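S.K.: Any chance you can model this:
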Amino acid sequence: MSKLSIFNLWYFKRQFAMLLEELQNIGNRMEASLQDKHDKSRYHDEAKKIHTELKALRMEKDEIEADIEEMQLLVKKDYQVEILHQKKMKLTREVNKLHKDKAELLDIDENLMDLEELW
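M.R.: Now for the predicted structure:
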């Protein structure tokens, strides 16, 4: 190794600047690595919280879907009850009409019997 002199001072300054730059790069990488490790634990904690919230939301979603299915079943039953009620009303009208027709026929038969007695 040669001694420092006026002739190699420029060369030494240049090498020293390159070494300082390399040292700065290594320091920056170390700092970034430490920051990443810190962020990793923070992200892990956040991931746990989000996972817990996700589980709760999925359970709530399942409950809501069950409620929706139950409501749809009730709507279907209400619709079926409405249809049956309409059929009942229609049949009731038909029965009333048949009773009315029967009563009219009985009145006609009685009138004919009265007329036969006149003959």
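
S.K.: got any ranges where the protein has weak pLDDT?
M.R.: Along the chain, segments meeting pLDDT under 70 span 1-7, 109-119.

S.K.: Please enumerate the helices of this structure.
M.R.: 9-118 (DSSP state H).

S.K.: Go ahead and flag the most central residue of it.
M.R.: residue 61 (5.7 Å; C-alpha atoms, centre = their mean).

S.K.: do you know how far that residue is from residue 87?
M.R.: Separation of residue 61 from residue 87 (C-beta to C-beta, to the nearest Å): 39 Å. In this view, the C-beta of every residue, glycine as well, is placed from N, C-alpha and C.

S.K.: what does residue 37 give?
M.R.: Taken as C-beta to C-beta, the span from residue 37 to residue 87 is 74 Å.

S.K.: do the same with residue 52
M.R.: 53 Å.

S.K.: Next up, the contacts around the residue nearest to the centre of the chain.
M.R.: Contact partners of residue 61, counting by C-beta atoms under 8 Å, 6 or more residues apart in numbering, are absent.

S.K.: So it versus residue 67, what's the distance?
M.R.: Counting by C-beta to C-beta - residue 61 and residue 67 are separated by 11 Å.

S.K.: swap in residue 77?
M.R.: Counting by C-beta to C-beta - residue 77 and residue 67 are separated by 15 Å.

S.K.: Equivalent analysis for residue 47, please.
M.R.: The separation that residue 47 has from residue 67, given C-beta to C-beta, amounts to 30 Å.

S.K.: now swap in residue 101 and tell me
M.R.: 50 Å.

S.K.: residues near residue 56, how many?
M.R.: 10 (other C-beta atoms under 10 Å).

S.K.: do residue 85 as well
M.R.: 10.

S.K.: when you give positions from now on, start the count at 11
M.R.: With the count now opening at 11, the last piece we talked about shows up as residue 95.
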